[in-house]
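1. A structural model of the following input is requested.
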Amino acid sequence: MDGTKLLGEFLRARREVMTPAQAGLLDVGPRRTPGLRREEVAMLAHVSTDYYIRLEQGRERHPSERVLGALAQVFGLTLEATAHMHALAHPMLQPRRSPARRVSPALRTLIGGWPVTPALICDDLMNILAANSLADALYGGFEDRDNLLRMIFLDPAAREFYPEWEKSARSKVAHLRLVAGSQLDDPRLTELVGELSVKSPDFRRLWARHDVSPKVAEVKRMCHREVGELELTCEVFSVNGSDGLQLITLLAQPGSPSEQALKLLGSLAAPVRD
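-> Below is the predicted model:
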């Protein structure tokens, strides 16, 4: 991926979703195009309009820390989104990661002992490297269960499984954007984004927004074909000593209908013994 081009795309996407009111400007009525004008961003960032246009077009390749800081303030970027923008502006400064593929036997044993907590081990591109039996049962209605992004964008079952599909899809794409900032030349990333872009118009739409967000604890609503509706808190933990691996757990409130549904799901998935 071309880091300079991606920086311009990121700035344009942030400009197009920013309203004049959010930027502290007077809104004088309808605009022909959404968001702020380039000259408005330039004025707020204290740079020339020509300079800002060159940034969006990828013709300015060395924005200063002051300029990047000013743009982060104009767009109201989070710390993660600001770091992402810096990574796009200075891609050569980012370390190249080796893909993490090995899950330790101890970690597999740990999640395997959780009877009412679905758990997954994923790499930085959301490839599923390990899952406990309850997670296998939870996602049993999906045909392709090797990657969370492929599941939600390419499998028709996702629309019924996730009642809040748009929210879940947007969260996953924003996380992938965060990863992309430090792995611009990773062929795995290029292949995954290319595949999803070709096969899913919804992925192309959300990818073009350039939203950036880390995975954080959030309540997810799911609708399982056998046990019905579930409301689970998704928690994400980094695995020490394994570059890029994450432990994802889905927790039900103790005593809740969702916990009862998970217990039922576990019993349905349990092997039959003679």
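
2. Break down the protein into its helices, ranges please.
-> 3-17, 38-45, 49-57, 65-75, 79-89, 105-112, 133-138, 148-154, 158-161, 165-180, 187-199, 201-207, 257-269 (DSSP state H).

3. got CSV for the ones you listed, with distance to Leu247 too?
-> C-betas here are computed from N, CA, C, even on glycine. CSV is the format used below for these (distance: least, Cβ to Cβ, whole Å):
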stretch, distance to Leu247
helix 3-17, 29
helix 38-45, 40
helix 49-57, 38
helix 65-75, 31
helix 79-89, 20
helix 105-112, 7
helix 133-138, 11
helix 148-154, 14
helix 158-161, 21
helix 165-180, 15
helix 187-199, 20
helix 201-207, 25
helix 257-269, 18
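
4. So which of those helices is nearest Phe237?
-> helix 105-112 (10.8 Å; Cβ to Cβ).

5. average pLDDT across the closest one?
-> Helix 105-112 carries an average pLDDT of 93.

6. Could you list the domains of this structure?
-> Annotated domains of the chain cover 3-93, 105-269 [automatic domain parsing].

7. closest one to Gly24 among the helices of the chain?
-> helix 38-45 (8.0 Å).

8. Report the buried residues of that closest one.
-> Across helix 38-45, burial judged by 16 or more other Cβ atoms under 10 Å covers 38, 40-45.

9. which strands and helices sit next to it?
-> On a contact count with 3 or more Cβ pairs under 8 Å, 6 or more residues apart in numbering; DSSP states H and E, helix 38-45 meets helix 3-17, helix 49-57, helix 65-75.

10. ok, back up a step: could you identify which of the domains of the chain has the lowest mean pLDDT?
-> Note on the domains of the chain: lowest mean pLDDT is at domain 3-93, with a mean of 87.

11. That domain: how far from the chain's middle?
-> 21 Å (Cα atoms, centre = their mean, to the nearest Å).

12. Please apply the same query to stretch 176-188.
-> Distance of stretch 176-188 from its chain centroid, counting by Cα atoms, centre = their mean, is 12 Å.

13. can you give me the end-to-end distance of that stretch?
-> End-to-end distance of stretch 176-188 (Cα to Cα, to the nearest Å): 12 Å.

14. now do stretch 52-62
-> 12 Å.

15. Leaving out the residues flanking it, which one is nearest to the one residue sitting closest to the centre of the chain?
-> What sits nearest the mean C-alpha location of the chain, by Cα atoms, centre = their mean, is His175, with 2.2 Å. Once flanking residues are discounted, His175 sits nearest to Lys215: 5.2 Å by Cβ to Cβ, 6 or more residues apart in numbering.

16. Also Val116?
-> Nearest to Val116 is Leu262, by Cβ to Cβ, 6+ apart, at 4.9 Å.

17. List the residues that contact the one you found.
-> Residues near Leu262 by Cβ atoms under 8 Å, 6 or more residues apart in numbering: 116-118, 134, 138, 227, 230, 252.

18. Go again with 7 Å.
-> Listed by Cβ atoms under 7 Å, 6 or more residues apart in numbering, the contact set of Leu262 reads 116, 134, 252.

19. Closest one of those residues to Leu79?
-> Taking those together and measuring to Leu79 by Cβ to Cβ, the closest member is Ala252, at 30.9 Å.

20. If you tally nearby residues, what's the number for the closest one?
-> The tally of other residues near Ala252 (other Cβ atoms under 10 Å) stands at 20.

21. Over to Tyr139?
-> Residues near Tyr139, counting by other Cβ under 10 Å: 20.

22. In contact with the residue nearest to Ser238 when sequence neighbours are not counted, which residues?
-> Of all residues not flanking Ser238 in the chain, Gln246 sits nearest, at 5.9 Å (Cβ to Cβ, 6+ apart). Going by Cβ under 7 Å, 6+ apart, Gln246 touches 122, 236-239.

23. No further questions, thank you.
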